[in-house]
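Peer 1: Build me a model:
(2 chains)
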Amino acid sequence: MNLQTTGTGSASGKRVITKGLTGFVKLLLIVYAILTLYPLYWLFTSAFKSNQDFFNNPYGLPKEWMTENLFRAWELGNMGRAMINSTVVTITAVVLTILLSLLAAYVLSRFQFRFKKLVVVLFTTGLLIPIHSTLVPLFIMMKNIGLLDTYGALILPYTAFELPIAIFLAMAYMSSIPREIEEAAMIDGSGWWGIFGRMILPLCTPIVATISILAFLRFWNDFSFALVFINTQALKTLPLSLSLFSDGFGTDYSLTMGAMAIAVIPTIVAYLILQEQIMKGMVAGSIKG
Amino acid sequence: MPTAMRSKGFIAIALLPALLLFLIFVIIPVFWSAYYGFFSWKGFGDATFIGLDNYREMFKDPIFWRALRNNLILVVSSIIGQVPIALILAIVLFKNSFFSRFIRSAVFMPMVLSTVVVGLIWGYIYHPQFGIANYVLEMLGLESWTRAWLSDPKVNMLAISIPINWANIGPYLVIFIAALQNISPEIHDAAKIDGSTGWNKLMQITLPMVWSTVVVTIVLCISGSLKAFDHVIVMTGGGPAQSTELLATYMYNSTFSVYRYGYGSAVSTMIMIVSAILIALNYFATRRKSS
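Peer 2: This is a model prediction of the structure:
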């Protein structure tokens, strides 16, 4: 809107047109935003309808707000179990990603050693490898070492695939931390572990936040690894249970909508609270990736 | 001061866990799938070496070519559907007012949803009985346009591309806004003095200033479209009659539905090669532009 208003100060008629135009653009934007949000609105209203209400009146508000769907979906879909699985897998993998990537990034940004170039090149190619092309060999490998159908079958590959982007984000951030800080600590007699733990880690909080957000969303929402590596009902994560739920209760639409509503609430709440950080984090991640 | 020996120990212990995990789960599988691609193997028992037969079969299979074509359809549709809309939105939303913040967060919202949820919701939107897609067309008096969007092979790839575009405009919008806000105020002032406004200014100043960002987003569209596996599995499973198969779902179905691990590995390797070619093409195209 700034573009239309700059430089049109002369004739008042022109100003009226500009104002009208601005209003029109705003209207279009609001329509666009409503279109974007409509599928979510539809999801949440349908989640509270009875199946009959859903078929008779698919687009309006529920005649009667039935919270029962949510409870039934929670029970039938084993959503509690799935929620626990997703939480365990996601948190473990996020912690592991942060720990390993910060240590590696610190070494790569501060030390000179043989093979350093090779290591950086390897992690860079990691950014370019399409995840799905590794599903088959990973499946075979995990089958051979008995890792299939365990939390590890998700935690280890999640972490491994998130490492390159996390390392590059952390390296970029660490190069902005002045070396004098470490030199001072060395004179005080701290070893590298002490310097890393007491000086570097606390200074890295902002980038740790970015990496965690990126990793959290990717792990929490992942479908393909869970689909291929997890078979046991008791270990299924939320997206996987959801897709199976919709197969199993195919015609019970409001129940499936209820299950979906439960599954998206955590990420939407997180998004509403952390909007700015999430936007920045995901953009930083996608540009480097 | 830490001695050289202690530094070496620190380097090894701090770097190795990340490096090993990464090698085992990301790099080594690439070589394994290249290796298994030369075998006929059902996932158990002995594997028979068959040379390039898997690849020969792949090139003769019309489904493989359809899958490749569908992947390219998604690449093109996301470049056409995401980049221009995101750029236009960014141009009108780049001020940090309350209104534009609100619209921005609405547009970004679908990005945090699981691909499964996106696929399921849109599967319902396209539903022949209660889907809102057909309902809206009927309201507009376009009954003849209504159809089973995900079953009709003429339109189902297009139907699949819409939710993918819907979910992915957000990050491009934020990227473009950052690029626009980076244009220094002096340039805007200079444009004002020159009397360059509106459309003129957009074409001659704003667009060239953000062109490098446009190139970046196109690269992201290419790599993003290769990841559309989840949406297709959830919405159509690659069907009906394999009309919405992508390279990744083709690989998944040949490996885990009919248990041809050797063939699936060959397809995996092919996905790697295709994405390498796309990345290389893009690299040369953008390098020429910048030099």
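Peer 1: quick one: is the helix or strand where B:Leu68 lies near chain A?
Peer 2: Following DSSP states H and E, one finds B:Leu68 within helix B:62-93. Yes. Against chain A, helix B:62-93 shows contacts by CB under 8 Å from any CB of the partner chain at B:Leu89, B:Ile91, B:Val92, B:Leu93. Using the backbone N, CA and C atoms, a C-beta is placed for each residue, glycine as well.
Peer 1: How far off centre is stretch B:216-233?
Peer 2: 1 Å (CA atoms, centre = their mean, to the nearest Å).
Peer 1: That one and chain A, are they touching?
Peer 2: Yes. Using CB under 8 Å from any CB, stretch B:216-233 reaches chain A at B:Val216, B:Leu220, B:Ser223, B:Leu226, B:Lys227, B:Phe229, B:Asp230, B:Ile233.
Peer 1: helices or strands next to the strand or helix carrying the last one in the packing?
Peer 2: Just to be clear, that refers to B:Ile233. Counting by DSSP H and E, the element that carries B:Ile233 is helix B:229-235. Helix B:229-235 sits against helix A:224-229, helix A:238-248, helix B:115-125, helix B:156-182, helix B:247-256, with contacts defined as 3 or more CB pairs under 8 Å, 6 or more residues apart in numbering or on different chains; DSSP states H and E.
Peer 1: Do a quick rundown of the strands in the stretch 101-250 of chain A.
Peer 2: With DSSP state E, counting those that start in this stretch as the definition, the stretch 101-250 of chain A shows no strands.
Peer 1: Run through the neighbouring helices and strands of the helix or strand where A:Phe24 lies.
Peer 2: Element membership for A:Phe24, per DSSP H and E: helix A:12-47. Packing partners of helix A:12-47 (3+ CB pairs under 8 Å, 6+ apart): helix A:2-5, helix A:253-288, helix B:62-93, helix B:98-108, helix B:115-125.
Peer 1: Wondering if the second one reaches chain B at all.
Peer 2: Read it as helix A:253-288. Yes. Applying CB under 8 Å from any CB, one finds helix A:253-288 touching chain B at A:253, A:256-257, A:260, A:263-264, A:267-268, A:270-271, A:275, A:278-280, A:282-283, A:286-287.
Peer 1: Contact partners for the one residue sitting closest to the centre of chain B?
Peer 2: Central residue of chain B (CA atoms, centre = their mean): B:Gly224, 1.8 Å from the mean position. Contacts for B:Gly224 (CB atoms under 8 Å, 6 or more residues apart in numbering or on different chains) come out as B:Ser78, B:Asn168.
Peer 1: before we move on, which element is it in?
Peer 2: With DSSP H and E as criterion, B:Gly224 is part of helix B:207-225.
Peer 1: Quick check: buried residues in that helix?
Peer 2: Across helix B:207-225, burial judged by 16 or more other CB atoms under 10 Å in any protein chain shown covers B:210, B:213-225.
Peer 1: Let's have the residues you listed in a markdown table, adding pLDDT.
Peer 2: A markdown table is the format used below for those (pLDDT from 0 to 100):
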| residue | pLDDT |
| --- | --- |
| B:Val210 | 83 |
| B:Thr213 | 84 |
| B:Val214 | 86 |
| B:Val215 | 82 |
| B:Val216 | 81 |
| B:Thr217 | 85 |
| B:Ile218 | 84 |
| B:Val219 | 81 |
| B:Leu220 | 81 |
| B:Cys221 | 84 |
| B:Ile222 | 81 |
| B:Ser223 | 78 |
| B:Gly224 | 79 |
| B:Ser225 | 78 |
